[in-house]
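> Sequence plus the predicted model coming up.
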Amino acid sequence: MGIKLLVVDDEKNIREGLAAALELDGYTVETAAAGDAAWKRFQKGDIDLVITDLRMTGLNGTELLKRINAETPGIPVIVLTGHGTVETAVEAMRQGAYDFLTKPLNLDRLSLLVKRALKSRELELQHRRMEEELAKHKPFETIIGTSAPMRRVFDTISRVAPAKASVLITGESGVGKELVADALHELSPRKGKPLIKVHCAALAASLLESELFGHEKGSFTGATSRKRGRFELAHEGTLFLDEIGEIDQNLQIKLLRVLQEKRFERVGGEESIETDVRIVAATNKDLKAEIEQGNFREDLYFRLNVVSILVPPLRERKDDLPLLITSFLKEFAQENSKPVDSIDDKARAALYAYDWPGNVRELRNCMESAVVMAKGQVITEADLPPTLRTQHEEGWIRIPLGATLAEGEQIILRDTLSMLKGNKSRTAAVLGIGRKTLQRKLATLEEGK
């Protein structure tokens, strides 16, 4: 379905001349000779942009503008005025007009203005769609994504969360394994109880044992009082063991015993303490390979891996980039009190082309940096970290000198689609065209082979 414009002017020559010129630009154009007729047509819907004269009998352009803004805020309205009524046009801008042109009209200027207005409207609608998508994420509001790999993750979380079974979360560093653990707890019957987290790689083996099971006073140098461990603190709740692949063999044995018997003793103590804890563990290591190398106990692996959730790397779920970018942009703009609200096409293309070895964590850091570096409301390619700019520059599209306009378009379509690994939605977004337009151009390309 094409873009539809409404031209309103009581002078027939101007009205029909504008319609003819705009139709040459590929738009569908309807006309109205008066404000009242224009308003009736607008109320029927499917108008994307209005061009209206200000001075008309009956409902004038200013009143038409007010009604349009009240009925459908955000529809671009370009007003036309004579040289002697520029002040009236400026007032119309205050009332919400996108821009104004003085008569006699410069058709090239009008064509450019219409394109800019429609582009601005499309960006606004995209932003609104992203906001709506983000709002749908409850109860997974901390995990952003609508791609097929993430839908599988959400489905597994929903089914596993109510159970008592241990869960092993795997995936590369930075993919958001901790967020999955949070969701498992929030959707479980244990929600009102503690969620206790332990980063197993952050502590030496002796300290980690005390951290997990607690210790009695005098059990080792520095133990000046009794300390409750994380298993006690997490009673009736969830214990999240991050980087479980880093714990040593002795501690693995003790952890296995707790999982089997639901009991433990504090370091240096003799009292056996019962525990009711749901274990969620995470690792970026290949535990099967660690088992083969003798670094991880197979029996502990099976105790932890009752249910496995693999969180995909960002390069395998790039369809989620628009949502993630929108979320981080909003977060850091608010956090830094900056009026940054959008990203230009070149910067967006660089973000889409990058493979994100550091996953969502790297994207988050990148967006924070870009917001801080942005000079205005729009993030440009110059605001991105050097790594992304370099990667993007290496992927330039080269069009040979002497190529026709049609040949140049073919090269751009093929190379952009290739760069984005065949993803048509992202290709359309980078090229600034609709998905249906892209599909039509690609079909024409195939026919010409």
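Received, thanks.
> Could you check how many residues crowd around the nearest residue to residue 345 once chain neighbours are set aside?
Spatially, and ignoring its direct neighbours in sequence, residue 345 is nearest to residue 432 (6.0 Å; C-beta to C-beta, 6 or more residues apart in numbering). C-beta coordinates here come from the backbone N, C-alpha and C atoms, glycine included. When neighbours are defined as other C-beta atoms under 10 Å, residue 432 has 13 of them.
> Now residue 432. Its backbone dihedrals?
phi 70, psi 30 (degrees, to the nearest 10).
> State the pLDDT value of it.
Residue 432 is assigned a predicted lDDT (pLDDT) of 81.
> And for residue 219?
80.
> The closest residue to it other than its chain neighbours: how many residues sit nearby?
Excluding the flanking residues, the one nearest residue 219 by C-beta to C-beta, 6+ apart is residue 268, at 2.4 Å. Counted with other C-beta under 10 Å, the neighbours of residue 268 add up to 15.
> again with residue 69
15.
> If I follow the layout properly, the residue nearest to residue 345 ends up in contact with residue 344?
No: Residue 432 is beyond contact range of residue 344, at 10.5 Å (criterion: C-beta atoms under 8 Å).
> All the strands of the stretch 1-150 of the chain, residue numbers only.
4-8, 28-32, 49-53, 77-81, 99-102 (DSSP state E, counting those that start in this stretch).
> Tell me who's in contact with residue 49.
3, 5-6, 75-78, 114, 117-118, 121 (C-beta atoms under 8 Å, 6 or more residues apart in numbering).
> Could you export the residues you listed as TSV, including distance to residue 367 and neighbour count?
Formatted as TSV, these follow (distance: C-beta to C-beta, whole Å; neighbours: other C-beta atoms under 10 Å):
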residue	distance to residue 367	neighbour count
3	31	19
5	36	24
6	38	23
75	30	19
76	28	23
77	33	25
78	34	21
114	32	22
117	28	20
118	27	17
121	24	17
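> Mind putting the residues you listed into JSON lines with pLDDT?
Output for those, formatted as JSON lines (pLDDT from 0 to 100):
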{"residue": "3", "pLDDT": "89"}
{"residue": "5", "pLDDT": "95"}
{"residue": "6", "pLDDT": "95"}
{"residue": "75", "pLDDT": "90"}
{"residue": "76", "pLDDT": "91"}
{"residue": "77", "pLDDT": "93"}
{"residue": "78", "pLDDT": "93"}
{"residue": "114", "pLDDT": "92"}
{"residue": "117", "pLDDT": "88"}
{"residue": "118", "pLDDT": "89"}
{"residue": "121", "pLDDT": "84"}
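> could those be laid out in a markdown table, adding distance to residue 274?
What follows is the contacts of residue 49, written out as a markdown table (distance: C-beta to C-beta, whole Å):
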| residue | distance to residue 274 |
| --- | --- |
| 3 | 68 |
| 5 | 73 |
| 6 | 74 |
| 75 | 66 |
| 76 | 67 |
| 77 | 71 |
| 78 | 74 |
| 114 | 73 |
| 117 | 68 |
| 118 | 67 |
| 121 | 63 |
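> What's the separation between the residue nearest to residue 103 when sequence neighbours are not counted and residue 11?
Distances taken as C-beta to C-beta, 6+ apart place residue 82 nearest to residue 103, at 5.2 Å, with adjacent residues excluded. In this view, residue 82 and residue 11 are 11 Å apart by C-beta to C-beta, to the nearest Å.
> Tell me how the protein divides into domains.
4-133, 148-312, 316-394, 405-447 (automatic domain parsing).
> ranking the ones you listed by mean pLDDT, which is last?
Among those, domain 405-447 scores lowest, at a mean of 80.
> thought residue 373 was touching residue 383?
Yes: using C-beta under 8 Å, residue 373 is in contact with residue 383, at 4.4 Å.
> circling back: nearest to residue 142, of the domains of the chain?
Nearest to residue 142 among the domains of the chain is domain 148-312 (5.0 Å), distances taken as C-beta to C-beta.
> end-to-end on that closest one?
Taking C-alpha to C-alpha, to the nearest Å, domain 148-312 runs 10 Å from one end to the other.
> my guess is residue 329 is in a helix, correct?
Yes: counting by DSSP: H, G, I helix; E, B strand; the rest coil, residue 329 is found in a helix.
> how about the nearest residue to it, chain neighbours excluded?
Using C-beta to C-beta, 6+ apart, the closest residue to residue 329 is residue 367 (6.0 Å).
> Same question for that neighbour, what's its three-state structure.
On the basis of three-state DSSP, residue 367 is classed as helix.
> Please report the distance of it from residue 324.
Distance, residue 367 to residue 324, using C-beta to C-beta: 8 Å.
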